[in-house]
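*Asks:* fold the following and give me the result.
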Amino acid sequence: MKIASLAGVVLALTAVSVTAPAASATPGGHTPAHASARAASQRIPFTSATVIAGADGSYRIVWKAPGVREVVVRAAGRVVARGGATGDVTVRGLPAADRQWFDLVPRHGGSLHLADRLIKLDGAVNFRDAGGYRTSDGHWVKMGEIYRSDALNKLSDADLAKLRRLGIHAVYDLRMASERSSAPDRVPSGASYTVADVLAGSSTLTAMPATEAEAVKMMVDGEKFMVSGDTARAAYTTVYAGAAGGSVLYHCTAGKDRTGWSSAALLTALGVPRSTVTNDYLASNTYRAAVNAATLAAMPPAQAAVYKPLLDVRAEYLNSGFDEVRAQYGDFRSYLRDGLHIDARELRDLKRELLVG
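*Replies:* Modelled structure (predicted):
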């Protein structure tokens, strides 16, 4: 594959139930004792919890819930495991399902409804749930509401049927016109389709780099554009306006750069810690590992060295986006307000719809 023939590929590559009701304050500003107790009973005691699907059909559920004496794990209508304040259990023998859900129910406090983050499909490798993360103030981003993905043009009929059953009702396409025309989306029936073109004809990321350093710079500059570029801000404003309704999917071609910033900004707005946001962003390296390795193996070594930074996601790239937020807006709240036109009320609505606990 010649360097010149890769320019178009570069463009393709960069290119939870509702929160418990707030307790009502009395005219004197005090919260009734019964309301305070009710709110406390719904606080989620888990500080971490994950579900990891095994290749053999098993599921590993790991959690930490300091101070909790017992946690019951339910799936498919029955108790499948028990544990205490910390747990690490493996569950086998569950009936086949599009997606296996687990309820982690503590003896006291709110429960969690979790599944493995990856949605296994025939025609996509980076289709995953954007939720299942804990915020800095102890809430959790609800799973099963916001999805992120790579391109949808290779989805099989079985994939589309699965997405219909998952209830996805809105798809946001972050790709450029050339990508959309050469690889049009396959969208589940009943779902709306909206173009939210982040680059929208911009010259950003259109020239093939000649060196590895130029490739890294291209990715860093691209991340900055996703923050301050006019078309990028308009695209993400459109996506987040739809996100409050849940059952939403946004995607680009590789599901890692334009989609990566979409998730990073959304999770940050919801209050997820920066370290967690970064880990979610970097997970594309894991999900795309086989595809990326095959792509690089087909190139001469010198060419692969230049191209690898374009296939990767790196903390350096994401950090440049957050640096751009500070440089252009001062802080993240100002970026939401002035860059994406998400005011305090809209942010509260977004949190009310997408956070639990």
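*Asks:* those helices in the stretch 1-150 of the chain, which residues are they?
*Replies:* Counting by DSSP state H, counting those that start in this stretch, the stretch 1-150 of the chain has helices at residues 7-13, 33-41.
*Asks:* over to the stretch 151-300 of the chain?
*Replies:* Under the criterion DSSP H, counting those that start in this stretch, helices of the stretch 151-300 of the chain are mapped to 157-166, 177-182, 212-228, 230-243, 258-270, 274-287, 289-297.
*Asks:* got JSON lines for those, with mean pLDDT too?
*Replies:* Converted to JSON lines, these look like this (pLDDT from 0 to 100):
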{"stretch": "helix 157-166", "mean pLDDT": "97"}
{"stretch": "helix 177-182", "mean pLDDT": "96"}
{"stretch": "helix 212-228", "mean pLDDT": "96"}
{"stretch": "helix 230-243", "mean pLDDT": "96"}
{"stretch": "helix 258-270", "mean pLDDT": "98"}
{"stretch": "helix 274-287", "mean pLDDT": "98"}
{"stretch": "helix 289-297", "mean pLDDT": "98"}
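*Asks:* out of these, nearest to Ala327?
*Replies:* Closest to Ala327 of the helices of the stretch 151-300 of the chain, according to CB to CB: helix 212-228, at 8.3 Å. C-beta here means a position set from N, CA and C on the backbone, and glycine is covered the same way.
*Asks:* between the closest one and helix 230-243, how big is the angle?
*Replies:* Counting by axes from the mean of the first three to the mean of the last three CA atoms, to 10 degrees, helix 212-228 lies at 60 degrees to helix 230-243.
*Asks:* what's helix 212-228 packed up against?
*Replies:* helix 230-243, helix 258-270, helix 301-311, helix 315-329 (3 or more CB pairs under 8 Å, 6 or more residues apart in numbering; DSSP states H and E).
*Asks:* okay, those, which one's buried deepest?
*Replies:* Among these, helix 258-270 has the highest mean neighbour count (mean count of other CB atoms under 10 Å), at a mean of 24.
*Asks:* show me what that helix is packed against.
*Replies:* Using 3+ CB pairs under 8 Å, 6+ apart: helix 258-270 touches strand 146-149, helix 212-228, helix 230-243, strand 248-251, helix 274-287, helix 315-329, helix 344-354.
*Asks:* for that helix, what is the distance to the chain centroid?
*Replies:* Chain-centre distance of helix 258-270: 7 Å, with CA atoms, centre = their mean, to the nearest Å.
*Asks:* thinking again about what came up before, would TSV of the helices and strands packed on helix 212-228 with distance to Asn279 be doable?
*Replies:* Listed next are the helices and strands packed on helix 212-228 as TSV, based on distance: least, CB to CB, whole Å:
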stretch	distance to Asn279
helix 230-243	21
helix 258-270	10
helix 301-311	19
helix 315-329	10
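*Asks:* among the ones you listed, which comes closest to Thr50?
*Replies:* Of all these, helix 258-270 comes closest under CB to CB, at 15.6 Å.
*Asks:* let me know the angle separating the closest one from helix 274-287.
*Replies:* Counting by the same axes, to 10 degrees, helix 258-270 lies at 160 degrees to helix 274-287.
*Asks:* and of the helices of the stretch 151-300 of the chain, who's closest to Ser189?
*Replies:* helix 157-166 (6.2 Å).
*Asks:* for Ser181, the count of nearby residues, please.
*Replies:* Using other CB atoms under 10 Å, Ser181 has 9 other residues around it.
*Asks:* please apply the same query to Tyr250.
*Replies:* Close neighbours of Tyr250, defined as other CB under 10 Å, add up to 29.
*Asks:* please begin residue numbering at 712 from this point
*Replies:* In the new count, where the first residue is 712, that last one comes out as Tyr961.
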